[in-house]
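Student: Give me a 3D structure for the following:
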Amino acid sequence: MADLFPDTLPEDAPPDAPRPDAPLADRLRPRALDEIVGQEHLTGADGAIGRMVAAGKLSSMILWGPPGTGKTSIARLLADAVAMRFVAISAVFSGVADLKKAFAEADKAAEAGQRTLLFVDEIHRFNRAQQDGFLPFVERGTVTLVGATTENPSFELNAALLSRAQVLILHRLDAEALGRLLDKAEALEGALPLTADARAALIASADGDGRFLLNQAETLYSAGIDTPLGPGELGSFLQRRVAVYDKDREGHYNLISAWHKSLRGSDPQAALYYMARMLVAGEDPLFVLRRLVRAAVEDIGLADPQALAQCLAAKDAYEFLGSPEGELAIVQACLYCAAAPKSNAVYKAQKAAWRSAKETGSLMPPASILNAPTKLMKAIGYGKDYAYDHDAEGGFSGADYWPEELAPQAYYQPVERGFEREVRKRLNYWDKRRRELRGEQ
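Tutor: Here you go, the predicted model:
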């Protein structure tokens, strides 16, 4: 009987062909750049990589993109496309000794007329000193560096290294690209045991990660399922990919930014979506509440003073109820803030007042409003002629409270929205009364 899983490859198999028992993702690994799915903006004829291959010359580059989008495959195929020696190392498992060995071998290869493409996976995991170690070898052309990272290179890589490499951004695979990957899998292994709706659900569950999708497909093939599964049955059988959300990395800050800007832009639906993304991924609800409080005072302010009260009440409710019931209070505060009229007048007033305080130093307030707890202070005029506003007609004296060396300022400028419209009327009233009491027009 023939061996269904031979340990050796057929004699006519390509040198880099995967073993027949290799994982499905390896067996479907692209053999040419035009087989890369979902990154045509780079690999196509008009893309950065396509142009470099057409010219037969590569520059060093950093491939930045989510997991499972083809970074390693692109690096391997680049070397083949321009007939370069391919060397791969991982920053997770490699140290200085491995780098020195790779550079020494590249030097010898260069002497023999062979160029080297050095692929460094997870390059952001090398520390700054190790990253600096690449510079002389990249500069003199010993290696063409192709680094792969899931983290923002602006934050994780040295400026000196970035200045010597192009940053190329790989896109998260969309539903169409993931569907093409499944088509390839089915051409090799046969139809998946799924209904059309379940197939769409499988694609959605991958969250843009092609490798994860193929691993899920392989699990389905291995299970020997006779009757096609529907979406509900598929959900019970397989797990969704956990969303990428590192609390100290770029994904975290991207969602915070999107959420805060949605709040500021008065889009309650988008604000709720981004907040849900954070909380579902495991963000601390108290962190979310702190950000809501900030939005309430920075972007709403006195346009709706109740926004701050709603946020603080949500904090109390969450601490009282816990999850998941307490999260309803967070949702209420989020929707309230997003729907509220917006004003950054308080925020701008704070910035202007702080700047003025730093610039004016130690100017003395008018003597009339200084504290006079001792006889000496009273003798030198502290508190003299202070106008007690409650004794004045209308409860307003119109006194000048500014230092003599500083003209009255107007830090706070209420907008014509929400409650601040009423605040503006009040300020205008007091300004008019002040001018009348001082005999000004």
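Student: Got the phi and psi for N158?
Tutor: phi -60, psi 140 (degrees, to the nearest 10).
Student: how close does the residue nearest to it when sequence neighbours are not counted sit to W64?
Tutor: Excluding the flanking residues, the one nearest N158 by Cβ to Cβ, 6 or more residues apart in numbering is Q131, at 4.6 Å. For glycine as for every other residue, the C-beta is placed from the backbone atoms N, C-alpha and C. Distance from Q131 to W64, counting by Cβ to Cβ, to the nearest Å: 15 Å.
Student: and the two? which has more neighbours close in?
Tutor: W64 (23 against 20; other Cβ atoms under 10 Å).
Student: Render the CA-only coordinates of stretch 95-113 in CSV, please.
Tutor: Taking Å, rounded to 0.1, in the frame of the first residue of the first chain, the C-alpha atoms of stretch 95-113 are listed here in CSV:
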residue,chain,number,x,y,z
GLY,A,95,22.2,37.5,19.7
VAL,A,96,25.4,39.4,18.9
ALA,A,97,27.3,36.2,18.1
ASP,A,98,24.7,35.2,15.5
LEU,A,99,24.8,38.7,13.9
LYS,A,100,28.6,38.6,13.7
LYS,A,101,28.5,35.2,12.1
ALA,A,102,25.9,36.4,9.5
PHE,A,103,28.0,39.5,8.7
ALA,A,104,31.2,37.5,8.4
GLU,A,105,29.6,35.0,6.0
ALA,A,106,28.1,37.8,4.0
ASP,A,107,31.6,39.4,3.6
LYS,A,108,33.0,36.1,2.3
ALA,A,109,30.0,35.8,-0.1
ALA,A,110,30.6,39.3,-1.3
GLU,A,111,34.2,38.5,-2.1
ALA,A,112,32.9,35.6,-4.3
GLY,A,113,30.5,38.0,-6.0
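Student: Mind listing what's buried along that stretch?
Tutor: Within stretch 95-113, the residues scored as buried using 16 or more other Cβ atoms under 10 Å are 99, 102-103, 105-106, 109-110.
Student: Let me have the residues you listed in TSV, extended by pLDDT.
Tutor: Listed next are these as TSV, based on pLDDT from 0 to 100:
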residue	pLDDT
L99	86
A102	90
F103	90
E105	91
A106	92
A109	91
A110	88
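Student: Now secondary structure too, for the residues you listed, in CSV please.
Tutor: Shown next, in CSV, are the buried residues of stretch 95-113 (DSSP: H, G, I helix; E, B strand; the rest coil):
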residue, secondary structure
L99, helix
A102, helix
F103, helix
E105, helix
A106, helix
A109, helix
A110, helix
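Student: just these now: which is nearest G265?
Tutor: L99 (46.9 Å; Cβ to Cβ).
Student: what's the pLDDT at the closest residue to that closest one other than its chain neighbours?
Tutor: Nearest non-adjacent residue to L99, counting by Cβ to Cβ, 6+ apart: G133, 6.0 Å away. pLDDT recorded at G133 is 85.
Student: wait, G133 sits on V96?
Tutor: Yes: between G133 and V96 there is a contact under Cβ atoms under 8 Å: 7.2 Å.
Student: Can you get me a residue count around the closest residue to A160 other than its chain neighbours?
Tutor: Once flanking residues are discounted, A160 sits nearest to L135: 6.0 Å by Cβ to Cβ, 6+ apart. L135 has 15 neighbouring residues, counting by other Cβ under 10 Å.
Student: Tally up the residues packed near L188, please.
Tutor: That count, for L188 with other Cβ under 10 Å as the rule, works out to 11.
Student: what about it, which helix or strand?
Tutor: Per DSSP states H and E, L188 falls inside helix 175-189.
Student: Tell me the first helix or strand C-terminal of that helix.
Tutor: helix 196-205.
Student: what residue lies at the spatial centre of the chain?
Tutor: In the chain, the centroid-proximal residue (Cα atoms, centre = their mean) is N254; its distance is 2.3 Å.
Student: so where is the stretch 101-250 of the chain shaky, pLDDT-wise?
Tutor: For the stretch 101-250 of the chain, applying pLDDT under 70 flags the ranges 239-250.
Student: which residues in it form strands?
Tutor: Under the criterion DSSP state E, counting those that start in this stretch, the stretch 101-250 of the chain contains strands at 116-121, 144-149, 166-169.
Student: helices or strands next to the second one in the packing?
Tutor: To tie it back to what came earlier, the one meant is strand 144-149. strand 61-64, helix 71-81, strand 116-121 (3 or more Cβ pairs under 8 Å, 6 or more residues apart in numbering; DSSP states H and E).
Student: can you list the domains in this protein?
Tutor: 31-169, 175-237, 250-339, 365-437 (automatic domain parsing).
Student: and the end-to-end length of the shortest one?
Tutor: By that I understand domain 175-237. 21 Å (Cα to Cα, to the nearest Å).
Student: Same check on stretch 362-374?
Tutor: End-to-end distance (Cα to Cα), stretch 362-374: 22 Å.
Student: thinking again about what came up before, between the domains of the chain, which gets nearest to K358?
Tutor: domain 365-437 (13.0 Å).
Student: average pLDDT across that closest one?
Tutor: 91.
Student: what about it, distance to the chain center?
Tutor: Between the centre of domain 365-437 and the centre of its chain there are 46 Å (Cα atoms, centre = their mean, to the nearest Å).
Student: end-to-end on that domain?
Tutor: 21 Å.
Student: Could you find the closest non-adjacent residue to Y274?
Tutor: For Y274, the closest residue by Cβ to Cβ, 6+ apart turns out to be W259, at 3.8 Å.
Student: Okay, and the one you found sits in which element?
Tutor: Going by DSSP H and E, W259 is in helix 250-264.
Student: Pull out the buried positions in that helix.
Tutor: 251-252, 255-256, 258-260, 262-264.
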